[in-house]
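A.B. asks: Let me see the structure of the following:
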Amino acid sequence: MWAFFVIVVGSLLIFFANHFSWNEIETFLDHAPLKCPLKSLIGLRCAFCGMTHSWIAAFRGEWALSFHENIFGLPVMAIAIVSVPVRGKVSALSHAKKQTLLWVLIGIALIYTAMRNL
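C.D. replies: All right, here's what the predicted structure looks like:
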């Protein structure tokens, strides 16, 4: 089921990235009904703000723009793609290792959020 979802979403992203100009995509995303709740409430950009822009730029082959929009866009995309075939191996990790990994990722996200709002 997860693999089907990744294939469908990836195909849609590639289609839209190649059939619309960057200005059209950016205008749509800027006026989309779903916005970052943190940015809407207090005006701060979270660690995931710009992730959609980053992914679309990556699918268009604009790597510098993708990195500029969100520094974690490409790594998160790579993890999403790789996680499909290795999904069962992650569950083999001990609970303590999973918890440690989760806290490290939360810490990185919080530090990045603080840095991009300075």
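
A.B. asks: roughly how far apart are the residue nearest the centre of the chain and residue 115?
C.D. replies: When CA atoms, centre = their mean is applied to the chain, the residue found nearest the centroid is residue 51 (4.0 Å). Residue 51 is 16 Å from residue 115, where distance means CB to CB, to the nearest Å. Yep, even glycine has a C-beta here, placed from its N, CA and C like the rest.

A.B. asks: same thing with residue 36?
C.D. replies: 17 Å.

A.B. asks: where does this protein have low pLDDT?
C.D. replies: 1-3, 5-6, 16-18, 22, 26, 29-35, 84-93 (pLDDT under 70).

A.B. asks: Identify each buried residue in the longest helix anywhere in it, please.
C.D. replies: Looking across the chain with DSSP state H, the single longest helix is helix 95-116. Within helix 95-116, the residues that qualify as buried are 112-113, counting by 16 or more other CB atoms under 10 Å.
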